[in-house]
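A.B. asks: requesting a structural model of the entry that follows:
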Amino acid sequence: MTARFGAVCLQLGPRAGNAATRGEVKEHLDYFCQMVDFAIGEYALHSPLGVKLMVGPELALWGWPSTSTRELHEKYAIEIPGPETERLIEKAREYDCYLSPGSVVERDPESCAHLVFNTQVLVGPTGVLYRYRKIQPWWPTETAVSPHDLIDAGYDTEKYPLFPVVETEIGRVGGFICYDSLFPEIARQLALGGCEIFLGSTAWMDPFGRPPYDYWTVCCRARSIENMAYGVYTGSGVPPSPANEEPTSGGSFICDYEGRILAQSQGSGETMTYATLDIDALRDHRQHDRGNNVLAHLRLGAFDYWQKTAGFAPQTHFRDAEELTIEQADEIGCREMERFWSEYYGEAVEVPRRRPPGWDYAWSPDPDVGTDAERQSE
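C.D. replies: Residues are numbered from 1 along each chain as shown. The predicted structure follows:
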């Protein structure tokens, strides 16, 4: 067991861009591996502990170069394991460390015929250790499928756990992606599954990732406090896609199990952030803190909120869907908002649709519901 070790946020900057070809995917991977080399050499100068864990941002390695999931599936998405993860595993073996490039666009025809997942992957010297597929995609601009959509369609949760936690020599590790951080249930599920180190990857666009909003810092610190877990939380300085060229907020940081920020980057440029993690100290805190022991003191039997609403309806038709566009994702999201708030307030609620030029709403996820134009004429 390596109790004390160095961890690094690898915050990619504007130079990375979005890969538009398979050749550019390889170039981006080469560049990321060069950053790994640099981090290993640089921090060996400053700490005898060196670096055992490195984490990249959401989608910054290869980007999200299309708003069409069918096109992403056919041209850009990778399979795990595959040549890309093999390259990362080679690096992990070279330095005897653990690497997460952040999240990537993943295809898995076995689970989802033509669509894609936003997937955080962790590798180590022994191979791929886990893949976490984002539970809460940020619709409509991020047209990924949630595994939650596919459970009723036969999604294999034994083969692909929804909230994987892996035992390593540096502790028990799990992760989440961007919008996931706003849902405390995800981090709590990981913590109750044994997680001691959260790997967080984001591509929050301005202004949400910086003051006065500061979603990433506020939410991730809260996730660490309420679960007594370290967090290696990496932001991106790369616009998430050609369809959304808003600057990302960066803001990578590492915090301890009481939410104290150990190191933090400033701004959205390319940078690295280093801190020392001590798993023995975390376990001692979990075992002996009698005042704020939020895991041991959790009164689960008092809560029943998940039984009072159906929650977001799984989109089981995604299993064999030919496509998922931003228009389709937005329409589904709006209809789920209408359903939830109508139940919540006990009266019909209509969510105004945002219709940018070029968006075509003549589509319905439900064969019993007409197109947008047909609904307006009723």
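A.B. asks: any idea how many residues pack against the closest residue to residue 106 other than its chain neighbours?
C.D. replies: Counting by CB to CB, 6 or more residues apart in numbering, residue 106 lies nearest to residue 119, which is 3.9 Å off, once chain neighbours are set aside. In this view, the C-beta of every residue, glycine as well, is placed from N, C-alpha and C. Using other CB atoms under 10 Å, the number of residues around residue 119 comes to 24.
A.B. asks: and residue 119, which of the three is it?
C.D. replies: strand (DSSP: H, G, I helix; E, B strand; the rest coil).
A.B. asks: residues in a beta bridge with it, which ones?
C.D. replies: residue 104, residue 133 (DSSP bridges).
A.B. asks: please name the residues that touch it.
C.D. replies: 80, 103, 104, 105, 106, 131, 132, 133, 134 (CB atoms under 8 Å, 6 or more residues apart in numbering).
A.B. asks: go on, residue 102?
C.D. replies: By CB under 8 Å, 6+ apart, the neighbours of residue 102 are 55, 56, 57, 58, 59, 60, 61, 120, 201, 234, 236.
A.B. asks: could you list the buried residues of the lengthiest helix in the chain?
C.D. replies: Longest helix in the chain, counting residues (DSSP state H): helix 22-44. Under the neighbour-count criterion of 16 or more other CB atoms under 10 Å, helix 22-44 has 24, 25, 28, 29, 32, 33, 35, 36, 39, 40, 43 buried.
A.B. asks: before we move on, back to that, save the contacts of residue 102 as JSON lines, and put in neighbour count and secondary structure too.
C.D. replies: Output for the contacts of residue 102, formatted as JSON lines (neighbours: other CB atoms under 10 Å; DSSP: H, G, I helix; E, B strand; the rest coil):
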{"residue": "55", "neighbour count": "30", "secondary structure": "strand"}
{"residue": "56", "neighbour count": "28", "secondary structure": "coil"}
{"residue": "57", "neighbour count": "33", "secondary structure": "coil"}
{"residue": "58", "neighbour count": "29", "secondary structure": "strand"}
{"residue": "59", "neighbour count": "29", "secondary structure": "coil"}
{"residue": "60", "neighbour count": "33", "secondary structure": "coil"}
{"residue": "61", "neighbour count": "26", "secondary structure": "coil"}
{"residue": "120", "neighbour count": "29", "secondary structure": "strand"}
{"residue": "201", "neighbour count": "33", "secondary structure": "strand"}
{"residue": "234", "neighbour count": "33", "secondary structure": "strand"}
{"residue": "236", "neighbour count": "34", "secondary structure": "coil"}
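A.B. asks: for those, which one is nearest residue 337?
C.D. replies: Residue 337 lies nearest to residue 58 out of these, by CB to CB, at 23.7 Å.
A.B. asks: thinking again about what came up before, dump the buried residues of helix 22-44 to JSON lines, plus pLDDT and distance to residue 12.
C.D. replies: As requested, the buried residues of helix 22-44 are exported to JSON lines (pLDDT from 0 to 100; distance: CB to CB, whole Å):
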{"residue": "24", "pLDDT": "83", "distance to residue 12": "14"}
{"residue": "25", "pLDDT": "83", "distance to residue 12": "14"}
{"residue": "28", "pLDDT": "88", "distance to residue 12": "9"}
{"residue": "29", "pLDDT": "92", "distance to residue 12": "12"}
{"residue": "32", "pLDDT": "93", "distance to residue 12": "7"}
{"residue": "33", "pLDDT": "95", "distance to residue 12": "12"}
{"residue": "35", "pLDDT": "94", "distance to residue 12": "8"}
{"residue": "36", "pLDDT": "97", "distance to residue 12": "12"}
{"residue": "39", "pLDDT": "96", "distance to residue 12": "12"}
{"residue": "40", "pLDDT": "96", "distance to residue 12": "17"}
{"residue": "43", "pLDDT": "92", "distance to residue 12": "18"}
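A.B. asks: nearest to residue 304, of the residues you listed?
C.D. replies: Using CB to CB, the buried residues of helix 22-44 come closest to residue 304 at residue 32, 44.6 Å.
A.B. asks: list the contacts for that closest one?
C.D. replies: 10, 12, 56, 61, 101.
A.B. asks: I'd like the distance between it and residue 21.
C.D. replies: According to CB to CB, to the nearest Å, residue 32 and residue 21 sit 17 Å apart.
A.B. asks: could you pull out the strands for the chain?
C.D. replies: Ranges of strands in the chain, per DSSP state E, are 4-11, 53-55, 98-100, 103-106, 117-124, 127-133, 166-168, 171-177, 197-201, 230-234, 253-255, 261-264, 271-278.
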